[in-house]
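**Student:** sequence below, structure please.
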Amino acid sequence: MSTDEGRVSRDGTTAGPGYVDAAQIASPFTRLGLRHGHRYFRQLRRNLRYRLLFAYVTPLFLLASYFLYQYNETLREGIDTHLKSIAENQRNTVDLYLQERTANLRGTLRSIEQFDPLPAGAMRAKLELLQTDSLAFVDVGLFDREGTLVSYAGPYENLQGRDYSAESWFKRVLAAEDRTFISDVYMGFRNEPHFIIAVTRNVVGRPWILRASLDTGEFSKFVGRSHLIVEADAFIVNRHGQPQTFFTSPTTEQTVPEGLLGRADTSVEQVEMEGTTFLAALAALQKSDWWLVVRVPEDQAYAPLRRAQAGIGAIMLATLIVVVAVALRSTKSLVGRLERADTAREDLQRQLFNAAKLASVGEMAAGVAHEINNPLAVIYEEAGIMLDTLNPEFQRQPDMDEFEQRLTAIGEASIRGRNITRQLLAFARKDEPSPVDLDINDLVRHCLFVKRTEFAVSNIEVHTDLADDLPPVPADHTQMEQVLLNLLNNARDAISGAGRISVETRPTGRAVQIRVSDDGCGMSQDLMERVFFPFFTTKGVGKGTGLGLSISYGIVKGLGGNIEVESELGKGTTFIITLPVARASKRSKVLPTARGNDG
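**Tutor:** A predicted model of the protein is given here:
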């Protein structure tokens with residue numbers, strides 16, 4: 001990557017051209033933080049399940065809803081079309097029936113040759129002839145233009161001679177263009193429900209009307225028994241919605257709201273009657289002001305639709321169960337593999353961390369040798385003096401006070417060597433990370449104490465600027481010790497001959513910043529972009545593993561912090577560590593250090 005001059009670093013300051021944020025160029029391995037706990041993977045599994053179920057079920061639900069809606073509409077349209085077809089077929093049958101009866105009556109009227117007077121018994125013969133064609137004919141009568149029933153045959157002989165000029169049917173048949181009229185069911189003079197068919201014929205300019213009454217029972221049977229749907233009933237209503245047939249005995253009245261009538265084409269409507277919803281097909285008859293109605297309870301009409309919905313619902317439920325099972329199984333398997341991979345990654349990271357510690361131990365060996373050699377020299381010198389005092393050749397008298405002082409010096413030197421050895425063993429030990437509220441200033445002093453002899457031998461001056469009242473940082477002491485020692489070792493290696501190393505600490509908002517600077521050779525931009533990669537090193541063979549900075553980045557990142565580097569060739573390098581502060585103030589204990597060595 002390349003950096004531009006004037007870039008702003010994470011702490012808000014303006015970084016120069018030699019600035020690299022480790023978070024932007026570190027390898028995937030070094031970006032791995034601490035191991036996620038079981039609770040994290042349990043939450044991850046739950047979130048994945050919800051998201052997978054949402055991703056799987058939502059399209060399935062939307063598609064199923066869409067196709068179910070389309071299927072329902074298609075099936076409803078099919079049911080309506082079927083009901084409409086039944087009504088139209090039945091309407092055509094009724095129209096044909098009425099046309100046949102009208103034709104029978106018109107043929108009878110044409111067969112009459114003598115009207116005034118009509119021969120005796122002629123009308124009875126005409127009725128018998130009509131009844132051979134259809135038993136629906138009840139009676140027949142001939143009317144003159146004044147409306148008088150001049151001849152009658154049928155069971156109601158008292159109708160003979162009555163004046164029908166005021167009756168509406170008489171006026172309408174005279175005004176009809178086709179000289180034909182079919183009436184609604186009415187009571188009339190006979191005081192019984194019936195309807196009539198009337199036809200006219202002009203004879204020598206004088207109109208004669210032949211009227212026949214039809215049996216409403218027979219007609220109702222003809223209409224009512226022709227439907228083809230279970231639990232349906234068919235009947236006829238007039239333009240006011242009043243029933244004209246009475247064959248069936250339905251539990252609800254056979255009427256239709258008048259507002260639904262009047263359309264010339266066949267329609268399917270919902271009709272509410274006495275708390276029951278019906279699906280009714282309405283078809284207008286051609287030769288009368290009647291409508292044929294075929295109605296069926298809506299529940300019965302749409303029973304196939306409900307069965308289809310139940311079947312589709314069962315299929316959707318089964319599919320949903322399969323999808324849920326697959327989602328649960330896949331998320332469990334996937335998160336399980338992720339958890340095992342996280343565990344393996346943590347083990348590998350711990351191994352690399354320990355390897356880096358051992359490498360650091362090797363680098364510290366020279367300095368520790370000097371540290372251990374000093375107390376050993378003291379022990380050797382004091383023990384030699386005491387042995388010389390006890391040697392008879394020197395003829396010296398032992399001074400017990402002097403012996404006590406020398407033994408005390410030997411003990412102090414032994415304790416000093418033991419402490420140095422303990423520090424080295426504690427650093428190299430393979431311990432599990434145990435975060436505590438760490439005092440960064442104490443850690444810096446401790447690490448500088450460990451390196452003081454090595455820096456002194458290398459003629460390196462150490463300068464510290466540690467902020468007072470620095471808040472504690474939640475971190476593992478050993479891990480942070482390794483991070484700081486790695487940076488100090490790198491700073492030492494970057495200096496050839498005499499030089500200067502500076503260590504600063506300061507608070508920055510809710511974080512603590514550690515700056516380790518040297519005035520060594522510095523790094524080029526290309527080196528800075530690779531410095532955090534595992535196994536990358538600029539040191540010679542056998543002098544570095546290339547794991548120090550990558551391990552340090554992993555530790556810092558796992559603590560929720562960040563590490564940055566600023567460098568310029570020939571002027572030196574600065575590593576900046578930023579760590580979040582702890583919420584509590586429980587500080588860790590560090591090993592004893594010698595203070596007052598700040599340069």
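**Student:** you'd agree Met528 is in a strand?
**Tutor:** No. The assignment for Met528, made by DSSP: H, G, I helix; E, B strand; the rest coil, is helix rather than a strand.
**Student:** run a quick neighbour tally on it.
**Tutor:** 22 (other C-beta atoms under 10 Å). C-beta here means a position set from N, CA and C on the backbone, and glycine is covered the same way.
**Student:** cool, the one 4 residues further on as well?
**Tutor:** For Phe532, the tally of surrounding residues (other C-beta under 10 Å) stands at 24.
**Student:** quick check: it touching Gly554?
**Tutor:** No. Taking contacts as C-beta atoms under 8 Å, Phe532 lies outside contact range of Gly554: 9.4 Å.
**Student:** and the helix ranked longest in the chain, how far out from the chain middle?
**Tutor:** Of all the segments of type helix in the chain, defined by DSSP state H, the longest one is helix 303-390. Centre-to-centre, helix 303-390 and its host chain are 33 Å apart (C-alpha atoms, centre = their mean, to the nearest Å).
**Student:** can you check stretch 557-569 too?
**Tutor:** Distance of stretch 557-569 from its chain centroid, counting by C-alpha atoms, centre = their mean, is 39 Å.
**Student:** and the helices in the stretch 451-599 of the chain, which stretches?
**Tutor:** In the stretch 451-599 of the chain, the helices defined using DSSP state H, counting those that start in this stretch lie at 477-494, 525-530, 548-558.
**Student:** tell me which of those sits nearest to Ala308.
**Tutor:** With distances scored as C-beta to C-beta, the stretch of these nearest to Ala308 is helix 548-558 (59.0 Å).
**Student:** who are the packing partners of that closest one?
**Tutor:** helix 303-390, helix 477-494, strand 562-568 (3 or more C-beta pairs under 8 Å, 6 or more residues apart in numbering; DSSP states H and E).
**Student:** averaged pLDDT, that helix. What do you get?
**Tutor:** The pLDDT scores in helix 548-558 average 80.
**Student:** angle of that helix against helix 303-390?
**Tutor:** Interaxial angle, helix 548-558 versus helix 303-390 (axes from the mean of the first three to the mean of the last three C-alpha atoms, to 10 degrees): 130 degrees.
**Student:** give me the number of residues near Arg445?
**Tutor:** 21.
**Student:** repeat that for Arg510.
**Tutor:** Arg510: 9 surrounding residues under other C-beta under 10 Å.
**Student:** ignoring the adjacent residues along the chain, who's closest to it?
**Tutor:** Distances taken as C-beta to C-beta, 6 or more residues apart in numbering place Val581 nearest to Arg510, at 5.7 Å, with adjacent residues excluded.
**Student:** from what I see, Gln513 and Ile577 are in contact.
**Tutor:** Yes. Assessed by C-beta under 8 Å, Gln513 is found in contact with Ile577 at 6.9 Å.
**Student:** so this protein: which segments form each domain?
**Tutor:** 1-34+433-599, 112-214, 219-304 (automatic domain parsing).
**Student:** can I get these in CSV including distance to Gln99?
**Tutor:** Below are the domains of the chain laid out as CSV (distance: least, C-beta to C-beta, whole Å):
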stretch, distance to Gln99
domain 1-34+433-599, 91
domain 112-214, 10
domain 219-304, 6
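**Student:** and stretch 463-470, C-alpha only, in PDB?
**Tutor:** In PDB, the C-alpha atoms belonging to stretch 463-470 read as follows (Å, rounded to 0.1, in the frame of the first residue of the first chain):
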ATOM      1  CA  HIS A 463      14.800   7.900  28.100                       C
ATOM      2  CA  THR A 464      11.300   7.500  29.600                       C
ATOM      3  CA  ASP A 465       8.400   9.900  29.800                       C
ATOM      4  CA  LEU A 466       5.700   8.100  31.800                       C
ATOM      5  CA  ALA A 467       2.400   9.900  32.400                       C
ATOM      6  CA  ASP A 468       1.200  10.100  36.000                       C
ATOM      7  CA  ASP A 469      -2.100   8.500  37.100                       C
ATOM      8  CA  LEU A 470      -2.300   6.400  34.000                       C
END
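**Student:** what comes up buried for that stretch?
**Tutor:** Buried residues in stretch 463-470, defined by neighbour count with 16 or more other C-beta atoms under 10 Å: 464, 466, 470.
**Student:** would you turn those residues into JSON lines with pLDDT and distance to Arg91?
**Tutor:** Listed next are the buried residues of stretch 463-470 as JSON lines, based on pLDDT from 0 to 100; distance: C-beta to C-beta, whole Å:
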{"residue": "Thr464", "pLDDT": "93", "distance to Arg91": "108"}
{"residue": "Leu466", "pLDDT": "92", "distance to Arg91": "105"}
{"residue": "Leu470", "pLDDT": "89", "distance to Arg91": "99"}
